[in-house]
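Enquirer: here are the coordinates; sequence isn't available:
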Ligand code: UDP
């Protein structure tokens, strides 16, 4: 296959590039580098079948030659990014998805949309199955991401229904691993960096809000299976193992041997922090025969060395 991955130099995009190359496919990574980083794909440069194109997919996308699949992963992806880049976030989910779908239609390529657990907003159903319609504040600070992704899902199914494009939608829950942006403000990079510096971990609010963290290799496997499946409607890919943020902080301190503890702070960055988030993965188990393999503690052990290296610690 010849595969285009938008957002190919981002955290998840770069892991996908690697997986598709390892499977013997040709990969074109496309990114405008506003939150992506070519350091994430530098190790792939020079591998046969790999190329990088710097381009903003909110503008018309031109790719010469055939394409068999398009994986649309371009988007700012952390709450502080949406605050800094609200219009780009809306544009890449809306215009970028439209352009990528248009390209899929023109090339006869299969299209896979990276959607998100954020389509469920601050959920009132727990855990969240794909059939849940969500509880989203359209005008809140997260609304730019949530609504862009909801629009993107609608557009993807419209291209499927009206133009017969073969489409897939993955709803991705919190994912962590090497190559997360150090300064993206999210809980995993924040806590790991604080712990490695011997600082207390900043727990926002009362720390009783929950997240369910999935290691990146599990996500990549789920996406690979979904692309090759026949499932057109959205599929949740996430790890149902749910932790409060306080429990998560304690685990990070344990795994890193940090004795500085935690400090509780109000979250001054962003409102509408979802109280609970946990994927219902019944569908992924049934249609993809997929379930996560990596326990949180094990995934943290694999991730921490990369952060150590980035911080110049041995
Ligand atoms: N959080 C925290 N301390 C931090 C960063 C985040 O307690 O230094 C909390 C945040 O308030 C939220 C959870 O961790 O409840 C996950 O936040 P993140 O920004 O990672 O992404 P989200 O899952 O909200 O999209």
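Expert: The structure has been received and is ready for your questions. Since we're looking at a predicted model, the values are computed, not measured.
Enquirer: CA only for contacts and neighbour counts going forward, please
Expert: Fine.
Enquirer: which other residues reach stretch 206-217?
Expert: Outside of stretch 206-217, the residues within contact range by C-alpha atoms under 8 Å, 6 or more residues apart in numbering are 12, 15, 173-177, 238-246, 264, 274-279, 292, 294-296, 299.
Enquirer: What residues of that stretch count as buried?
Expert: By neighbour count with 16 or more other C-alpha atoms under 10 Å, stretch 206-217 contains the buried residues 207, 209, 210, 211, 212, 213, 214, 215, 216, 217.
Enquirer: Repeat that for stretch 194-205.
Expert: Buried residues in stretch 194-205, counted by 16+ other C-alpha under 10 Å: 194, 195, 196, 198, 199, 200, 201, 202, 203, 204.
Enquirer: try stretch 64-84
Expert: Those would be 67, 69-83, for stretch 64-84 by 16+ other C-alpha under 10 Å.
Enquirer: I'd like the average pLDDT over it.
Expert: In this model, stretch 64-84 has an average pLDDT of 95.
Enquirer: In strands, which of the buried residues of stretch 64-84 appear?
Expert: 69, 70, 71, 72 (DSSP state E).
Enquirer: lowest confidence element among the helices and strands of the chain?
Expert: helix 79-84 (a mean of 90; mean pLDDT, DSSP states H and E).
Enquirer: who does the following helix or strand past that helix touch, helix- and strand-wise?
Expert: Sequence-wise, the next helix or strand downstream of helix 79-84 (DSSP states H and E) is helix 86-91. On a contact count with 3 or more C-alpha pairs under 8 Å, 6 or more residues apart in numbering; DSSP states H and E, helix 86-91 meets helix 143-163.
Enquirer: hmm, the helix it packs on in reach of the ligand?
Expert: No - shown here: helix 143-163 not in contact with the ligand (C-alpha under 6 Å from any ligand atom), separated by at least 10.1 Å.
Enquirer: now residue 263, which residues is it bridged with?
Expert: For residue 263, the beta-bridge partners under DSSP bridges are residue 202.
Enquirer: Please name the residues that touch it.
Expert: Taking C-alpha under 8 Å, 6+ apart as the test, what residue 263 contacts is 200, 201, 202, 203.
Enquirer: Now render those residues as CSV, adding distance to the ligand.
Expert: Shown next, in CSV, are the contacts of residue 263 (distance: C-alpha to the nearest ligand atom, whole Å):
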residue, distance to the ligand
200, 10
201, 7
202, 5
203, 4
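Enquirer: Can you lay out those residues as TSV showing pLDDT and distance to residue 57?
Expert: Below are these laid out as TSV (pLDDT from 0 to 100; distance: C-alpha to C-alpha, whole Å):
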residue	pLDDT	distance to residue 57
200	98	40
201	98	37
202	96	35
203	96	36
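Enquirer: In CSV, list those residues along with distance to residue 51.
Expert: Putting the contacts of residue 263 into CSV (distance: C-alpha to C-alpha, whole Å) gives the following:
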residue, distance to residue 51
200, 42
201, 39
202, 39
203, 40
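Enquirer: so who does residue 311 touch?
Expert: Applying C-alpha under 8 Å, 6+ apart, the residues near residue 311 are residue 193.
Enquirer: now with 10 Å?
Expert: 182, 193, 196, 197, 305 (C-alpha atoms under 10 Å, 6 or more residues apart in numbering).
Enquirer: State the number of residues packed around the first one.
Expert: This points to residue 182. 16 (other C-alpha atoms under 10 Å).
Enquirer: For it, give its distance to the ligand.
Expert: From residue 182 over to the ligand the distance is 12 Å, taken as C-alpha to the nearest ligand atom, to the nearest Å.
Enquirer: Is it correct that that residue is in contact with residue 310?
Expert: Yes - between residue 182 and residue 310 there is a contact under C-alpha atoms under 10 Å: 8.4 Å.
Enquirer: Please enumerate the shared neighbours of these two.
Expert: Joint contacts of residue 182 and residue 310 (C-alpha under 10 Å, 6+ apart) are residue 193.
Enquirer: Show me which residues of the protein are close to the ligand?
Expert: Neighbours of the ligand within the chain, by C-alpha under 6 Å from any ligand atom: 79, 174, 185, 186, 187, 190, 202, 203, 204, 209, 245, 273.
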